[in-house]
Each structure stands twice: as structure tokens, then as C-alpha cells.
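Chemist: Model the following, please.
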Amino acid sequence: MSAALKSYVPRPVPSRPRAATAHVQGSATRPAEIRPGVSAPVVLPQAPGLNSPSPAVRRLAQLHLVSSALTASLVALTLVSYGTSVYVNRQLNQASQQLNRLQRNEQQLTTANEVLKNHLAQQVEGSEMGFQPPQPGSVIFLKPASQAAVAMPAPVPTSLMGRLALPKVDVPLGY
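Modeler: Reported below is the predicted structural model:
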């Protein structure tokens, strides 16, 4: 079966006959191989007008070129968008895992903080530390400072005040 797949490759015919060459070299003469003769290539006739294609053929060739370029760009765009979506999904998963880890840490810290507060409150309630709850008689109340003691800025000219007019807002002086 392998012999059927081999193709025939013509070999050039030597300029001297094989028998004469073999006799000169002193080797035994072999029977001449029978080879088919190699002929000159045949030039096939071409139909007139193939050198200059019609406008319809040119338009179809241009359409083929444009559609091939468009297809290649769409395939490239699809691959880029797929790669981007995979990358974004991976980053989103990593950020989600980090957020979950941070939330667990926050819960653990909040629990530890509350346990410490409870422990401190239990120690303060005991008599060994000597802490007492605040009494109403020992609370200090401060009176607001007088308006004269507060330094007032220099008055702004009215011409400048018209340009820099700010809305009046009622806000407390302090807490």
C-alpha cells in the first residue's frame, strides 16, 4: 500500500548512454532502466479577458477583502473582551474574599472589644478598686463666656459685603 502512495519523480536523462559510462568505470553492466521521456511543459490557452477582471469580480474581491478584515477584527475583539471579562471576574473574586476576611476580622475585634469592656466593668463594680459612681453634687457646670470677651473681627466694608454675601445659617456656638 505504501508503494501506491509514492509519487513518480522524473530524473534527468544523462547525456552519455549508461552502458558506455559503466564500461568506462569498469563495473558490470546493468540493464538500462526504462523511463518515460520528459516532455516540455504544455502552455494552456487562456480565455480572453482574464487579465482584466470585470467590475463585478473586482467588487466581489473588494467585498471579500473587507469582510475578511472585519471578521478578523471581530474575532480579535471577541478574544479581548473574553480575556477582560475573565480578568475582571478573577479580580472581583479576590476582592470579595478579602472583604469577607476583613468582615470576619471586624467581628472578632468587636467581640474582643466588648469582652474587654465587660471585664473592665466587672472590675470597676467590685469594691477592691475604690471607684464610685458619679454624684449629682460633684458635677461641674460651666457658664458661657460673655460676648464682650470674644474678640470680634474688624467690620467688613459694605461694598465688599455685597460681593461676598453668604447665606445666614443658624448654628449653635458650640457643644
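
Chemist: Neighbours of V75, how many?
Modeler: V75 has 10 neighbours, counted by other CB atoms under 10 Å. Placement of C-beta: from N, CA and C, glycine included.

Chemist: Repeat that for A69.
Modeler: 10.

Chemist: Which pLDDT value does the model give it?
Modeler: On pLDDT, A69 comes in at 97.

Chemist: do you know how far it is from A76?
Modeler: 11 Å (CB to CB, to the nearest Å).

Chemist: secondary structure class for P53?
Modeler: coil (DSSP: H, G, I helix; E, B strand; the rest coil).

Chemist: where are the low-confidence patches of the protein?
Modeler: Counting by pLDDT under 70, the chain has low-confidence residues at 1-10, 13-37, 46-52, 127, 129, 147-175.

Chemist: give me that answer again for 80
Modeler: Low-confidence segments of the chain, defined by pLDDT under 80: 1-53, 123-135, 141, 145-175.

Chemist: For it, which segments count as helices?
Modeler: 2-5, 18-25, 55-125, 158-163 (DSSP state H).

Chemist: tell me the most buried of these?
Modeler: Of all the helices of the chain, helix 18-25 has the most neighbours on average by mean count of other CB atoms under 10 Å, namely a mean of 12.

Chemist: Distance of R11 relative to N100?
Modeler: Using CB to CB, we find R11 at a distance of 78 Å from N100.

Chemist: same thing with A56?
Modeler: 65 Å.

Chemist: Having no further points to raise, I will conclude here.
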